[in-house]
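S.K.: for reference, the sequence and a predicted model appear below.
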Amino acid sequence: MFLKRITLLREEIPSMDDYPFSIPSIKSLEEIHINQHVTFFVGENGSGKSTLLEAIADKCGFHTAGGGRNNQYEVHASESALSDYIRLSWLPKVTNGFFLRAESFYNFASHIDSLGNYEAYGGKSLHHQSHGESFLSLFLNRFGGKAIYLLDEPEAALSPARQLTFLKIIRDLASEGKAQFLIATHSPILLGYPGAEILSFDHDQITSVDYESTEHYQITKYFLNQKEKLLTELFREE
């Protein structure tokens, strides 16, 4: 692992009542220790997981609309106010890596088209592949070597079968000891990666949880085992 610790510089924050510091999980944050090569951020929308991941990406020098340190292109990129108030502790520090933001991947693909740099992405424009194919092309061709990968909801374009393929890609890279992953996700399939640490941003704080304790696992299991009962309850008229 390279990134070992994330610390909130609370004494430097002007006001904890201003966004994004007012997000409960961020407001209660002191320090996060990263213990595994693969770490997942989970939580409801608005819980702060993507906000923190974006701040880490900004601190790493990655384009916050998606890309690595060398991907500089003109497009609206989020200004992460949080990144000025976190400290990343490394051993050793790495500068290679990538920030994937599913919602702005189109802009990154357009940037690659403008460069004509298709060889690094499978030899074909990312726009000329399906959404899922373009994600896998990125993972298979752009990811490699000593690097840190920050991924915000990578499952957005991946079918369940391709999520399994992605788990194998993560395994191949992480098992070599050269890659570290921080992934914000809602996918119970991705969360099943063996040995990963899962950090929950729910309940107003960031805590380590077991896979079976996540709502993603519990709700999916209940739906598969009790589909008719759940849907009957869900659609019952008041």
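M.R.: Received, thanks. Model, not experiment: these values are computed from the prediction. Numbers count the residues shown, from 1 in each chain.
S.K.: which one is residue 94 nearest to, not counting chain neighbours?
M.R.: Nearest-residue entry for residue 94: residue 2, 4.7 Å, with adjacent residues in sequence omitted and distances by Cβ to Cβ, 6 or more residues apart in numbering. All C-beta atoms are positioned from the backbone trio N, CA, C, and that covers glycine.
S.K.: what packs against the top helix by length along the chain?
M.R.: Using DSSP state H to assign secondary structure, the helix with the most residues in the chain is helix 160-174. Using 3 or more Cβ pairs under 8 Å, 6 or more residues apart in numbering; DSSP states H and E as the contact definition, the elements that helix 160-174 packs against are helix 131-141, strand 179-184.
S.K.: test my guess that the residue nearest to residue 94 contacts residue 89.
M.R.: No: with contact defined as Cβ atoms under 8 Å, residue 2 does not reach residue 89; the gap is 10.0 Å.
S.K.: so for the two, which sits in the more crowded spot?
M.R.: Between residue 2 and residue 89, counted using other Cβ atoms under 10 Å, residue 2 has the larger neighbour count: 19 against 13.
S.K.: for residue 21, see how far away the more buried one is.
M.R.: Computed with Cβ to Cβ, to the nearest Å, the distance linking residue 2 and residue 21 is 26 Å.
S.K.: how about residue 63, secondary structure?
M.R.: Assigned with DSSP: H, G, I helix; E, B strand; the rest coil, residue 63 falls in the coil class.
S.K.: quick one: pLDDT of it?
M.R.: The confidence metric pLDDT takes the value 83 at residue 63.
S.K.: tell me how far it lies from residue 156.
M.R.: For residue 63, the distance to residue 156 - Cβ to Cβ - is 18 Å.
S.K.: more neighbours: which of those two?
M.R.: Under the criterion of other Cβ under 10 Å, the comparison of residue 63 against residue 156 puts residue 63 first, with 23 against 17.
S.K.: correct me, but the more buried one touches residue 101?
M.R.: No: when contacts are counted by Cβ under 8 Å, residue 63 is not listed as touching residue 101 (9.0 Å).
S.K.: all set, thanks.
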